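Trainee: Give me a model of this one.
(chains A and B)
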Amino acid sequence: MDIVVIGLSHKTASVDVREKLSFPEAKLPDALSCMGRLDAVNENIILSTCNRVETYATVKDADGGIDRIKAFFLDYHGLEGETYLNSLYAYHGREAVRHIFRVAASLDSMVVGEPQILGQLKDAFDHALTNKTTGVVMNRLMKKAISVAKRIRTETKIAESAVSISFAAVELARKIFGDLEGKSVMLAGAGEMAELAAKHLVNNGVKTIMVANRTYERAVELAEEFDGRAVKFEDLASEMVHADILIAATGAPNFILTQKDMARVIKDRKNKPVFLIDIAAIRNLDPEINKIDNVYLYDIDDLESVVSSNIKERQKEADIAEGIIEEEIDTFLTWLGSIDVVPTIVALRDKAEAIRRGEVDKALPRLGGLTEKQIKQVEALTQAIVNKLLHPPLMALKKSAGDPESSGQVEAARALFGLDGPTDGNAEAGPSAAEAEAVKEP
Amino acid sequence: MNRILFGITLFFYFLSAFHYMLYLINQRESIGKVCQITTIAAFGFHTLSLIYQTVSSGHVPITNLRESLVFYAWAIVLIYLILEYMYKIRVMGAFIIPIAFISVIFSLSFPIVESPLPEYFKSAWLGVHTTLAFLADAAFAIAFGVGIMYLIQQRQLKSKHPGAFYRRLPSLDVLDELNYKAVAIGFPLLTLAIVSGSIWANSAWGYYWGWEPKEIWALITWVVYAAYLHARLMSGWRGRKAAYMSIAGFMIVVFTFIGVTLLMPGRHGFK
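Mentor: Next comes the predicted model:
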């Protein structure tokens, strides 16, 4: 048994390839059960978002399983060709678990630390649960992946700093004003970016919106949209007394506020701080304004440099997260190792007992006319031989439980005693009741 | 006994200051917890040690510079713990606990004096007057620490290249408010300390004000912080200017506390 990951993401495939190989939500139940019916696959989950399409599965053996699932990816979408195959990556064992944990913790995302992926992973897991395509191992693995992601979110600051211009503006506003509740913002000019920044500010508690625009009608329109107040463009400087934040995005060819204007504003405001955001293509605000005490002026370049330093900061946090992930992989693999050993032990015992029973049943009629006591002797004799023979391998297997280093022992035992191969008709093929019991999660 | 308590206190202050520095650098919540625990432990042992000394000597242990510096550290940590509980801004400790730690360490350079106290010291006013004065000075120390934080954050925001401190420090607004609150707490305490001191002086020597160096410098301190509050409330002197003023005010506090005591000993000079 092995865990495998097969898929493609923004790192390996272009948008159109990802689209062609994606599994829309409506088709998920069908795709899950189709893949589940493959001989090689025991359990499977499909995660399909706009940035990645991947499947997590447990398979009988890694190589065969990976090839089979890769083929399934193409067959299911009626595609063929090297381009598609080459965009698929495949991991198994430790690498597969690492990949799943990294995806859940948003370390593999386009924007590292973005939070949506965890929700998408939970949804994918839910779909698999409804369609009953998961079992003990996948359930445990998914729960673990979710808890690892949460642990990383609380123990590192991976998702804390803003990595887009408009969020960086909100973050700066928070560093100046603390709580944005009750603060007011002035929008000078109208544009997509200005509106977006204003929306983020409103979402973060800004209550009052004022809009100033060269064409007054447009100002009124936009003000209505935000439930705010339109201001005559000529009054901008005097109205700034009421605004804690200014988003300047007009097409004006010269400064709409000079240092002198702002000096007067700040005096009238009794030095209450002001945050000025200049996102116009041609700068709207005199850079000299930043020299005034209690005024903080950021233009688009400044905001971009904040964003890039935040991205670097996230990268640092990601390194810490990788450490946490290695730790969690170890605990998961330990658990996985322990469930692997139990069924092997059970299978070995079952097989030995079946052989013994069969041979005794064959021999007894041939011996003929044995007394009750003699029959018991034969049973005890064969039992003793089997037990003594099995004792060392069973002990070795038990000892290897939970030790990822000696997982080879399980495979060796299965091969040496022929536990996986075609049986001579005596051993049961399916898992016994005892095995099912033993596999239950601890 | 007291020596053991003091040793433990000192040890925990060291751990606390050390972990606050660590917390400032790596920002891990696990370290933050250690900061909190070690600070509370230090404060607890410190309080025990002060109670022990008060009970065994019969007066609050502030009758020489050594004891005073230790008591001052206690007052700073007391006010800090209250503020941390109220505002949950743990990183503040990195700027304040070291002041308390330095105060304790500095106290070690002065001798343990065990001379009998002058008669006028054996008054209930000793505890009242000095406790008020130390709490006022502790509040000013907090205003100083927060003022430094404000200036750093302000500079980060002005420079437009927010670095490590930008992420770690709270908002300008909060720091400015804390700066104001600390002075607003310290100022009435200082006023009461001066008033209670003059009442004590009157009952001990028959006059309210003696123009001795400590009194003069306490008055200067009072005037500086009165000016701070006036400028703030009347002319909107907030932010950077307020932060600078609280830093200057604290320099005068330190001089009044240590400089005046050593250079111009009067009745306050622990003869």
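
Trainee: quick one: contacts for the residue of the stretch 101-250 of chain A found nearest chain B?
Mentor: For the stretch 101-250 of chain A, the residue closest to chain B is residue A:178, as judged by C-beta to the nearest C-beta, at 3.7 Å. (C-beta placed from N, C-alpha, C; glycine too.) Taking C-beta atoms under 8 Å, 6 or more residues apart in numbering or on different chains, we find residue A:178 in contact with B:170-174.

Trainee: top of those residues by neighbour count?
Mentor: With neighbours taken as other C-beta atoms under 10 Å in any protein chain shown, the top of the contacts of residue A:178 is residue B:172, carrying 25 neighbours.

Trainee: Once you drop chain neighbours, what's closest to that residue?
Mentor: residue A:176 (5.2 Å; C-beta to C-beta, 6 or more residues apart in numbering or on different chains).

Trainee: okay but the one you found is in contact with residue B:156, surely?
Mentor: No: Residue A:176 lies out of contact with residue B:156 (C-beta atoms under 8 Å); the separation is 10.9 Å.

Trainee: Spit out the contact partners of residue A:307.
Mentor: A:162-165, A:168.

Trainee: Residue nearest the middle of chain A, spatially speaking?
Mentor: The centroid of chain A falls nearest to residue A:104 when counting by C-alpha atoms, centre = their mean (1.8 Å).

Trainee: So which elements touch the helix or strand harbouring residue B:73?
Mentor: Using DSSP states H and E, residue B:73 falls within helix B:65-87. Packed against helix B:65-87 by the contact rule (3 or more C-beta pairs under 8 Å, 6 or more residues apart in numbering or on different chains; DSSP states H and E) you find helix B:29-57, helix B:93-107, helix B:124-159, helix B:172-205.

Trainee: let's go with 6 Å and repeat that
Mentor: Using 3 or more C-beta pairs under 6 Å, 6 or more residues apart in numbering or on different chains; DSSP states H and E, the elements in contact with helix B:65-87 are helix B:93-107, helix B:124-159.

Trainee: can you list contacts of it?
Mentor: With C-beta atoms under 6 Å, 6 or more residues apart in numbering or on different chains as the contact definition, helix B:65-87 has outside contacts at B:43, B:46, B:61-62, B:96, B:100, B:103-104, B:106-107, B:110, B:134-135, B:138-139, B:141-142, B:261, B:270.

Trainee: any low-confidence regions in the stretch 51-200 of chain B?
Mentor: Scanning the stretch 51-200 of chain B for pLDDT under 70 picks out the ranges B:114-122.

Trainee: Repeat the analysis, applying 90 as the threshold.
Mentor: Applying pLDDT under 90 to the stretch 51-200 of chain B flags residues B:52-70, B:83-84, B:86-90, B:104, B:107-131, B:156, B:159-169, B:197-200.

Trainee: Torsion angles phi and psi at the closest residue to chain B within the stretch 151-300 of chain A?
Mentor: Per C-beta to the nearest C-beta, residue A:270 is where the stretch 151-300 of chain A lies closest to chain B, at 3.1 Å. The phi and psi torsions at residue A:270 (degrees, to the nearest 10) take the values phi 50, psi 40.

Trainee: which non-adjacent residue is nearest it?
Mentor: residue B:236 (3.1 Å).

Trainee: Name the nearest residue to residue B:243, ignoring sequence neighbours.
Mentor: Per C-beta to C-beta, 6+ apart, closest to residue B:243 is residue B:147, 3.9 Å.
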